[in-house]
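Asker: Turn this into a model:
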Amino acid sequence: MTKQRISTPKAPAALGPYSQGVASGNLLFVSGQTPIDPATGALVAGDIEAATRQVIKNIQAILQAAGADLEHVLKTTVFLTDMGNFKRMNAVYAEYFTGTPPARSTIQVSALPMSAEVEIEAIARLPEKA
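Answerer: Residues are numbered from 1 along each chain as shown. Got it, this is the predicted structure:
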C-alpha cells in the first residue's frame with residue numbers, strides 16, 4: 001500500500017505526530033480539523049458558527065492540496081463538546097455540503113485540543129488524474 005502525505009500551509013500545522021491528510025489509492029483521509037486559524041495558530045474568536053466555518057475552510061485547504069474539493073467528501077465525523085451546539089453547527093455545515101451531503105456521524109466528546117468546541121474529520125474520493 002502506498003501512502004502520500006498531504007500538507008499545506010493554508011491549514012493549521014499538525015499538533016502532534018500525524019499528517020494533515022494522507023492519500024492512498026483514490027482515497028484521502030483528512031485528519032480532524034479544529035477552528036485554528038493557520039495564519040496565527042490560534043483558535044478563531046466567536047461562536048460555534050465561526051468555529052465551524054474555520055474548520056471547514058481548513059478541510060477545504062487540505063482537500064485542495066490533494067486536488068479535490070468538498071464535492072469529493074464521502075464521510076465526515078463531527079466531534080462537539082456540547083450537543084446543544086448541534087443545530088447551529090449543522091446550519092453552517094449545510095451551507096458548505098450541498099447537493100448530496102456526505103455520510104456523517106456526530107459525537108459529543110468531553111474535550112478537544114486547545115479547548116475547541118468542534119472538530120471535523122473527513123474521508124474523500126480523489127478525482128481521477130487525466
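
Asker: In contact with residue 19, which residues?
Answerer: Applying C-beta atoms under 8 Å, 6 or more residues apart in numbering, we find residue 19 in contact with 5, 6, 7, 31. To be clear about C-beta, it is placed using only N, CA and C from the backbone, and glycine gets the same treatment.

Asker: distance of it from residue 32?
Answerer: Applying C-beta to C-beta, to the nearest Å, the value for residue 19 to residue 32 is 12 Å.

Asker: In the chain, where's the longest helix?
Answerer: helix 48-65 (DSSP state H).

Asker: buried residues in that helix?
Answerer: For helix 48-65, burial by neighbour count (16 or more other C-beta atoms under 10 Å) applies to 48, 51-63, 65.

Asker: out of the residues you listed, who's nearest residue 37?
Answerer: residue 54 (6.5 Å; C-beta to C-beta).

Asker: From residue 90, how far out is the closest one?
Answerer: In terms of C-beta to C-beta, residue 54 sits 16 Å off from residue 90.

Asker: How about residue 37: what's its closest non-neighbour residue?
Answerer: Leaving aside its chain neighbours, residue 37 sits nearest to residue 44 (5.4 Å; criterion: C-beta to C-beta, 6 or more residues apart in numbering).

Asker: Show me where this protein has its strands.
Answerer: 4-6, 21-24, 27-33, 73-80, 103-108, 118-125 (DSSP state E).

Asker: Can you name the residues that contact the residue most central in space within the chain?
Answerer: In the chain, the centroid-proximal residue (C-alpha atoms, centre = their mean) is residue 59; its distance is 3.8 Å. Taking C-beta under 8 Å, 6+ apart, we find residue 59 in contact with 11, 30, 33, 70, 73, 120, 122.
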